[in-house]
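Asks: sequence and predicted model, in that order:
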Amino acid sequence: MSRRSRKGPTVLTFIIALILLIYYAVQGLNKPSAPPTPQPPSNSTITASTSTTPIIGQRTKTSDCVSANALPDPACTPGAVFPDVTADQVCQSGYSSKVRNVPDSVKNKVYAEYGIASHTPGQYEVDHHISLELGGSNDIANLWPEPAEPRPGFHEKDKVENYLHGQVCSGKMSLQDAQYQIATNWMAVYQSLP
């Protein structure tokens, strides 16, 4: 072998290693950062911020949204949480009902963004992508028209929400991990349920 051909694989190996290093460095920069852990409230009153911080990414579309495989369009519905919510808060009985606030005008906007002009009762549910019981917010970035059919649909997603909520409240999972799991692929969690 000539001297030139021996250096080829070495240079090629170096270039591949450099590309992989850059790729993983960029992936690390693109990972969602966990929201800061705020101090629990000093009293028993639940205080949820009215501002929201998307945990998966920013909305990049507000029309022509398309859901696929029982998941929302990530460009329209990346998920959003109350930035100051804690596991202690979401585990309090009645938390979800105290923070739920999605007016019909917002629900109608969600249907319009996904191109649904009409529907029958029970066909869809304007669902919180990251459920309220996991600290999800009422921001439109966290809402989508989830169908009941085909299954798994919104009834099955409710089981995932309850399971993850139980994991958080039992201390087996962090709130941020549960939020990430439901926002990225609740179907994977559903398929792994006992």
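Replies: Yes, it's here. Numbers count the residues shown, from 1 in each chain.
Asks: drop to CA atoms for contacts and neighbour counts, all remaining ones
Replies: Noted.
Asks: phi first, then psi, for E125.
Replies: With angles defined as degrees, to the nearest 10, E125 sits at phi -140, psi 130.
Asks: in contact with it, which residues?
Replies: Going by CA atoms under 8 Å, 6 or more residues apart in numbering, E125 touches 144-148, 154.
Asks: do G122 as well
Replies: Listed by CA under 8 Å, 6+ apart, the contact set of G122 reads A148.
Asks: stretch 97-109 - what's its average pLDDT?
Replies: Mean per-residue pLDDT for stretch 97-109: 96.
Asks: and it, how far out from the chain middle?
Replies: On the basis of CA atoms, centre = their mean, to the nearest Å, stretch 97-109 sits 18 Å off its chain's mean C-alpha point.
Asks: in that stretch, what's buried?
Replies: By neighbour count on 16 or more other CA atoms under 10 Å, the buried set for stretch 97-109 is 99, 106-107, 109.
Asks: now for the contacts of E125: which two are most distant?
Replies: W144 and A148 (12.6 Å; CA to CA).
Asks: ok, the two, which is more surrounded?
Replies: Comparing W144 with A148 by other CA atoms under 10 Å, the one with more neighbours is W144, at 29 against 17.
Asks: ok, that one to R151 distance?
Replies: 16 Å (CA to CA, to the nearest Å).
Asks: cool, D64 as well?
Replies: D64 is 23 Å from R151, by CA to CA.
Asks: what about S118, neighbour count?
Replies: Quick note: S118 (other CA under 10 Å) scores 8 neighbours.
Asks: host element of it?
Replies: Using DSSP states H and E, S118 maps to neither a helix nor a strand.
Asks: so who does it touch?
Replies: Contacts here follow CA under 8 Å, 6+ apart; on that basis S118 touches nothing.
Asks: for it, phi and psi?
Replies: According to degrees, to the nearest 10, S118 has phi -150, psi 160.
Asks: one more: P145?
Replies: Per degrees, to the nearest 10, the backbone of P145 is at phi -80, psi 100.
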